[in-house]
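K.L.:
let me see the structure of the following:
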Amino acid sequence: METTRGIRFAATVAAVVMLTVFSGCIKRTSDPLVAEQDFWPVTEKISVTNPIGSVSITGNGTRLFNPHVRVEKSVQTYSFLGLANPVNYVDNVEVFQGINEGTLNVGVSLKQLPFLERLFVKVSPKIDFVLETPVALDTDVNVDIGNVALQNLVGNINATVDIGELSVTSSLGVFGSQVFDVNIGRLDILLPADMPLFYDMETNMGSIESSGFNAEVEWRLLGARTTGVSGTTVMPSSVKGRVNIGNISFKGE
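P.N.:
Numbers count the residues shown, from 1 in each chain. Next up is the predicted model:
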């Protein structure tokens with residue numbers, strides 16, 4: 001009986017603490033820390049992963065194998081009455097950058113807090129990456145929560161966003177295989193209308209808006225799809241877009 005009462009008492013105390021903490025949580029954000037660096041030589045691929053924040057990559061024809069990376073890092077804390085100072089947790093968020101066998105890897109890792117501390121404070125990174133890169137390097141991008149903007153990248157691309165928006169523009173066209181995937185959010189693609197291109201766009205729950213490519217949209221119960229070839233060529237470049245929940249804008253100009 002005493003053991004049962006002890007367990008109930010401990011559970012009650014824990015519940016009261018949790019309710020108190022989470023009902024009075026206040027967000028605080030540290031001032032951003034900015035760092036910039038050139039990398040050389042990057043000859044194979046650029047790979048960027050980001051849990052929370054944005055990724056912007058712009059192709060620059062004057063760059064050969066020397067991408068430029070700008071990082072803006074801040075930390076958000078959620079704690080009882082805002083008592084946790086986010087400045088104290090900046091070092092818990094590590095941005096790693098480096099070249100391995102011709103591939104530039106850019107990413108984020110978050111050190112886990114001790115168990116008891118995790119009961120009273122939640123630490124969330126916010127990282128914004130801005131890259132200026134060669135136009136034809138293969139590119140992989142993965143963002144959990146946030147937005148991705150890709151401009152004038154003509155080579156092979158694999159880009160995924162779990163929750164957020166993904167925008168793609170290229171006045172230079174496409175000369176590879178580009179695959180875009182959004183779980184919840186929006187995908188916007190704007191390319192030259194006269195570019196020889198195989199396209200395949202699909203939403204599981206959402207709409208597709210298209211112009212400039214004479215794309216015929218097949219409407220389904222909840223989603224839509226359009227697939228076809230623009231221009232005349234034996235081996236067209238390809239663009240494939242998928243949105244699970246959300247909309248696609250696919251336009252040529």
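
K.L.:
Val243: what's it in contact with?
P.N.:
Asp181, Val182, Asn183, Gly185, Arg186, Leu187, Glu202, Thr203, Asn204, Gly206 (CB atoms under 8 Å, 6 or more residues apart in numbering). For glycine as for every other residue, the C-beta is placed from the backbone atoms N, C-alpha and C.

K.L.:
Asn158 against Leu166, yeah?
P.N.:
No: counting by CB atoms under 8 Å, Asn158 sits too far from Leu166 to count as a contact (11.6 Å).

K.L.:
how about the helices in the protein?
P.N.:
Taking DSSP state H as the criterion, the chain carries its helices at 2-23, 115-118.

K.L.:
any idea which of the ones you listed has the lowest pLDDT on average?
P.N.:
Mean pLDDT per stretch puts helix 2-23 lowest among the helices of the chain, at a mean of 48.

K.L.:
contacts only, for Ala149.
P.N.:
Counted by CB under 8 Å, 6+ apart, Ala149 has contacts Ser54, Val55, Ser56, Ile57, Ser167.

K.L.:
wait, Asn66
P.N.:
Asp38, Phe39, Trp40, Pro41, Val42, Pro134.

K.L.:
now the buried members of these.
P.N.:
Phe39, Val42, Pro134 (16 or more other CB atoms under 10 Å).

K.L.:
ok, the first one - contacts?
P.N.:
To tie it back to what came earlier, the one meant is Phe39. With CB under 8 Å, 6+ apart, Phe39 has these contacts: Asn66, Pro67, His68, Val69, Gln97, Ile99, Leu104.

K.L.:
buried residues of stretch 179-188, list them for me.
P.N.:
Applying 16+ other CB under 10 Å to stretch 179-188 flags Phe180, Asp181, Val182, Asn183, Gly185, Arg186, Leu187, Asp188 as buried.

K.L.:
do stretch 245-253 as well
P.N.:
Gly246, Asn247, Ile248, Ser249, Phe250, Lys251, Gly252.

K.L.:
same question for stretch 87-102.
P.N.:
Buried residues in stretch 87-102 (16+ other CB under 10 Å): Tyr89, Val90, Val93, Val95, Gln97, Ile99.

K.L.:
I'd guessed the fifth one sits against Ala35; true?
P.N.:
No: under the criterion of CB under 8 Å, Gln97 is not in contact with Ala35, lying 9.1 Å apart.

K.L.:
closest to Arg220 out of the contacts of Asn66?
P.N.:
The nearest member of the contacts of Asn66 to Arg220, counting by CB to CB, is Pro134 at 39.2 Å.

K.L.:
burial measure for the residue nearest to the closest one when sequence neighbours are not counted, as a count.
P.N.:
Of all residues beyond its chain neighbours, the one nearest Pro134 is Arg63 (4.9 Å), with distances taken as CB to CB, 6 or more residues apart in numbering. By the criterion of other CB atoms under 10 Å, Arg63 has 17 neighbours.
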